[in-house]
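Peer 1: what shape does this take:
(chains A, B, C and D)
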Amino acid sequence: MKDINLLHIVISLLGIMGMVSLNAVLVVWLERKTAGRMQFRHGPMEVGFHGILQTLADGIKLVSKQLVAPSHADTALFIMAPVVSLVPIFVAMMPIPFSATILAHETDTGLLLVIALGLLNTLGILLAGWGSDNKYGLLGGTRAVGQILAYKIPLLLTVLTIVILAGSFSLREIAMSQNGLWNAFMQPVAFLIYIVCIVLETNRSPFDMAEAESELVAGFHTEYSGMAFSMFFLAEYSYMFVAAALATVMFLGGWHGPILPAPIWFILKVYFLLFLMIWFRWTFPRVRIDQMLMMGWKVLLPISLINFLITAVVLAL
Amino acid sequence: MDNFIFKVYYLSFAIVLAQTVAGGVLAVAAKNLIHCFLGMVVALIGVAGLYYHLGSPFIALMQVMIYVGAVCVAIAFGLSLTRKAGEEGLKPLSPMAVVPVVLPAGMLAATLKGLSHLEKTGMPRKLDESIIGWQLLGNYLFPFEIISVLLTLAVIGALSVALIRRREKNGNI
Amino acid sequence: MITSYVHEIVRGTGSLLAGMKVTIKAMLSRTQTVQWPRQYLTLPQRFRGHIQLVPVESTGYPKCFACGNCARTCPSKCITVKGKKPEGAKKKSPTTFLLDFTKCSLCGLCVESCPVSALGFSKDYAMAGPSRQDFAEMDLLSSLASPFSTQASKEKDHG
Amino acid sequence: MEHGTFIAATTGPGVDPSIVADGFMMAALLTMGTLFAVVPLVLATLIAPRETSPKLGAIYECGMETYGRARDARFGVFYYLYALLFIVFEVDVLYLLPIVRIYRQGVGLTGFLEMLFFVAVLFLAVIYAWKKGVLKWEQEALSLR
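Peer 2: Modelled structure (predicted):
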């Protein structure tokens, strides 16, 4: 248990804060590097070794920019949106097990907690779209909500499939139950569907209709500048990390792996999934919103439902 | 130590309660539909917090996922689709608005009065969520299956009402 | 109907994988861009920068004898040549050779019309200057040695 | 613990320690997260330039004069049918959560059949919508008003 130990709390808070910041720096760098290499470019090269400190430099620049709000904007919503988008991340990071012992705090319902908090990101996007009194913003916010309609049910059904196998909502126990065989091999269909769902959940290309640059300028964050703008990016990259960590726990056996220490394996698997998402982004063209809804309801939903029922009947027999 | 925990518990319970009430008031009184929506979300998350304090994190998370994740999402989507033009927002409250305030207040008072002679049993303990599963498959199997039938009928009804216009338009009623 | 549904999903997934193969190959192959100004490309032989005067190899003086063919041929009238004989020489040598690079279209007629091949294209592509004047009167003589060594040279600094 | 008792869960002295610990941790993280989000914003307002100009508050519309207001924009009501389907299906899938939690503890074939009935009835709604062309993108489908 479950002791309230002040030192542990302080270490966890600092660890999570560090993880959120470091992850953003790393993933932004990885994304820009990958984008560059996939287009035969170098990507950032100037600041630090191969541009690794570029994100920090950008951050310093962004802090020194003026925060501008449109004169007709709903100021309360406008200011609240980036905060609402970012804050739940910190709670969602709480139950993620980096190894059997390294985690901020274990709860029996960690899986549900992370899934429930994932919604608040979309709430932040919606508030941004509504608050900024901009047509592009409004369209982006509405599209983000429309996205929930497509991915949420297949996502929950794959989660149900995993919970059936593991018999627990605790992320640590789910990871522990895959000591031998990873769920990705036992449930390849669920794994694929979950990957599609987390790309949808984090508003990443090819499902980034909420910020489609070619049609909506920048979608929900069109009117945001400086630090408020970077909050959305911090939130996006942190949600990517949380979603990938959840996928690692549920399908890739969490921290299990030979030779290397457990947390290293965990981080490696998470970053492999993050790289996969970045790879998707620079490969696939954006889909239309009706295509996304159709895919969610006509492909992902039936397949995940059938997969769930087959798993259930096999386990019942 | 225990005493301190009680105090913290009551304090946080009070905070969550205040959040729920504030969200509810915002949802009812705000002029702007968006603010109403926001108030509703705040109030529903507050209710989840109350469930949490009453010893069931599982129910609290279900509350968040069902009410914020499903109901509010649908409402938000509906708001985006049908929002009214201009600043008019909502009409000012009519005198009849006291009815939904007085009625629940009376019910709450009656409940409290009914409970007042009961002994206090102590603080809530954590509820094991597996009990809920066994109950749904056991004692409450019929209501559980009826939920499914009810919701299916509801959505089929809603869809067919919504599709009437299209059929009229296409001329094959 | 159900077979076409499955077929479409399988085919779609296959096409996605094909796309991902293309991008990962691109990622692992060599980059095409160069980190200028740290690295330079070797320019092709026939690269056409602005024109420059070709020196005589032994002396370093310009080959040009200020016949003015180039200035007459230039469709944009962007070359100004003036010349006179240095003391004891048989041919003239240019005293002024100005190029108005703001008008030049790099057509190369001047280079072709030069009877002694005294004009060539430079490989200078990274040109920048604080004012328009820097390129409206580019002094092409400034990079060469001058046979009028006694006279005060009209050297100007160009970036 | 017996499977049939709700009452036992709500008696006894003291707050459940795991609830206190979880709650405390979550509150601490929420506080830190809020600080993490608000402090840079405040910092930015302090050190950033404070330019004022009437054009600064103009709505961004690719450099054109704004035409109309964002709140006057409307979307196809057609999409609301998806929302109707979603709300029903989502609620029902969430009801399965407590059941899958105990599934491996031996609900057996009866448990599966009970669940199958629950899901199958639900899926009828999707099949109905599918057949009626709700999940179809057509110009005529959009003109639902």
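Peer 1: wait, does stretch A:149-161 contact chain B?
Peer 2: Yes. Stretch A:149-161 is in contact with chain B by CB under 8 Å from any CB of the partner chain, via A:149, A:152. (Each C-beta comes from the backbone N, C-alpha and C, glycine too.)
Peer 1: and the average pLDDT for that stretch is what?
Peer 2: What stretch A:149-161 shows for mean pLDDT is 89.
Peer 1: and residue C:116, what are its phi and psi?
Peer 2: Here is the backbone geometry of residue C:116 (degrees, to the nearest 10): phi -120, psi 20.
Peer 1: and it, what does it touch?
Peer 2: Residue C:116 makes contact with C:63-65 under the criterion CB atoms under 8 Å, 6 or more residues apart in numbering or on different chains.
Peer 1: go again with 6 Å.
Peer 2: Applying CB atoms under 6 Å, 6 or more residues apart in numbering or on different chains to residue C:116 gives the contacts residue C:63.
Peer 1: now it: how far from residue C:69?
Peer 2: 10 Å (CB to CB, to the nearest Å).
Peer 1: what touches both of those two?
Peer 2: Residues touching both residue C:116 and residue C:69 do not exist when contact is defined as CB under 6 Å, 6+ apart.
Peer 1: give me the domain ranges for chain C.
Peer 2: The record's domain split for chain C, according to automatic domain parsing, is C:1-30, C:51-143.
Peer 1: same question for the one helix or strand residue A:271 maps to, mean pLDDT?
Peer 2: Of the helices and strands defined by DSSP states H and E, residue A:271 is found in helix A:262-281. Averaging pLDDT along helix A:262-281 yields 89.
Peer 1: just the buried residues of the helix or strand just after it, please?
Peer 2: Counting by DSSP H and E, the next helix or strand C-terminal to helix A:262-281 is helix A:289-294. Residues of helix A:289-294 classed as buried: A:289-290, A:292-294 (neighbour count, 16 or more other CB atoms under 10 Å in any protein chain shown).
Peer 1: with respect to residue A:38, which of those residues is nearest?
Peer 2: Comparing the buried residues of helix A:289-294 against residue A:38 with CB to CB places residue A:292 closest, at 23.3 Å.
Peer 1: residues touching the residue lying closest to the closest one once chain neighbours are set aside, list them.
Peer 2: Setting aside the residues directly before and after it, residue A:292 is nearest to residue A:150 in space (CB to CB, 6 or more residues apart in numbering or on different chains), at 5.2 Å. Listed by CB under 6 Å, 6+ apart, the contact partners of residue A:150 are A:292-293, A:296.
Peer 1: and what of residue D:28?
Peer 2: The neighbourhood of residue D:28, defined by CB under 6 Å, 6+ apart, consists of residue A:9.
Peer 1: following the strand or helix carrying it, which helix or strand shows up next?
Peer 2: Per DSSP H and E, residue D:28 falls inside helix D:17-47. Using DSSP H and E, the helix or strand that directly follows helix D:17-47 along the chain is helix D:80-95.
Peer 1: what sits up against that following helix?
Peer 2: Outside helix D:80-95, the residues touching it (CB under 6 Å, 6+ apart) are A:149, A:152-153, A:156, A:293, B:65-66, B:70, B:74, B:77-78, B:81, B:148, B:151, B:155, B:158, B:162, D:122, D:129, D:134.
Peer 1: show me what the next helix or strand along the chain from it is packed against.
Peer 2: Remark: after helix D:80-95, the chain's next helix or strand is helix D:97-102, criterion DSSP H and E. With contacts defined as 3 or more CB pairs under 6 Å, 6 or more residues apart in numbering or on different chains; DSSP states H and E, helix D:97-102 has these neighbours: helix A:135-166, helix B:129-137.
Peer 1: name the residues of the first one that are buried.
Peer 2: This means helix A:135-166. By neighbour count on 16+ other CB under 10 Å, the buried set for helix A:135-166 is A:135-166.
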